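1. whatever this is, show me its structure:
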Amino acid sequence: GKSRRYFFYSLILDSRGICESDMRKVPMTIGGAEKLRAELNELKTVKRPAIIQAIAEAREHGDLRENAEYHAAREQQSFCEGRIKEIEGKLADSEIIDVTTIAESGKVIFGSTVTLLNLESDATVRYQIVGEDEADVKAGKISVASPIARAIMGKEEGDVVVVKAPSGDIEYEVDQVEHL
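-> A predicted model of the protein is given here:
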């Protein structure tokens, strides 16, 4: 018989036999999860059947080697199935946090909406701290991994933070923390 080789990866199992990497959940807001679920539903119920139909129609045109419609539809199918797997994976690996169910303490946590006062210009900015996939600066949503979010996480109303920006250090005061 064929000799079997066993590769042991340095996976640390906890007392329940669960691999440590299984434990690392990615935080996500309820809004972010709903958006992903909506896209997943659209892909599975609308796009996937349409692509299957396009492949079937293209097949009827005969020779598949020189059939551009067939190859385009297969490529769309590959992209669609890849995106479905990607979204399912993101949802499976996420910990959905509903910040509205957490009592406000004036402390900046994941999901909270924070109003910051620029101490130099007196201008205010307002951001919600969201998961990396949900970030959209124009919509006022910044990634939990962004420099601003990292600087303000765990801080409280009235605290002053220094954010390292490409244009230099910016001092902000945490003006208001809301759980919206």
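2. from here on, contacts and neighbour counts on C-alpha atoms
-> Fine.
3. after the helix or strand containing Glu75 comes which helix or strand?
-> According to DSSP states H and E, Glu75 maps onto helix 68-92. For helix 68-92, the succeeding helix or strand toward the C-terminus, using DSSP H and E, is strand 94-97.
4. still on that earlier bit, other residues contacting the helix holding Glu75?
-> Outside helix 68-92, the residues that touch it by CA atoms under 8 Å, 6 or more residues apart in numbering are 33, 36-37, 40, 43-44, 47-48, 51-52, 54-55, 58-59, 64.
5. and it, what's buried?
-> 69-71, 73-74, 76-77, 80-81, 84, 87, 90-91 (16 or more other CA atoms under 10 Å).
6. ok, stretch 109-119 next?
-> Ile109, Phe110, Gly111, Ser112, Thr113, Val114, Thr115, Leu116, Leu117, Asn118.
7. just stretch 27-34 next, same as before
-> Pro27, Met28, Thr29, Ile30, Gly32, Ala33.
8. and those residues, which of them are in helices?
-> Among these, DSSP state H puts Ile30, Gly32, Ala33 in helices.
9. can you show me the helices along this protein?
-> Going by DSSP H, the chain shows helices at 20-23, 30-42, 48-59, 68-92, 147-152.
10. and the nearest residue to Glu156 once chain neighbours are set aside, how far from Arg48?
-> Nearest non-adjacent residue to Glu156, counting by CA to CA, 6 or more residues apart in numbering: Lys107, 4.3 Å away. Distance from Lys107 to Arg48, counting by CA to CA, to the nearest Å: 44 Å.
11. same check, this time on Gln128
-> 34 Å.
12. compare these two (neighbour count), which wins?
-> Remark: of Gln128 and Arg48, Gln128 carries more neighbours, 27 against 17, as counted by other CA atoms under 10 Å.
13. for the residue lying closest to that one once chain neighbours are set aside, give me the pLDDT.
-> Nearest-residue entry for Gln128: Thr113, 4.0 Å, with adjacent residues in sequence omitted and distances by CA to CA, 6+ apart. Looking at Thr113, its pLDDT is 97.
14. nearest residue to the middle of the protein?
-> Centroid-nearest residue in the chain: Asp133, 2.5 Å away (criterion: CA atoms, centre = their mean).
15. for it, give me its contacts.
-> Here Asp133 is in contact with Gly32, Ser143 (CA under 8 Å, 6+ apart).
16. quick check: the closest residue to Leu40 other than its chain neighbours vs Ala123, distance?
-> Spatial nearest neighbour of Leu40, chain neighbours left out: Ile84 (6.1 Å); criterion: CA to CA, 6+ apart. Separation of Ile84 from Ala123 (CA to CA): 42 Å.
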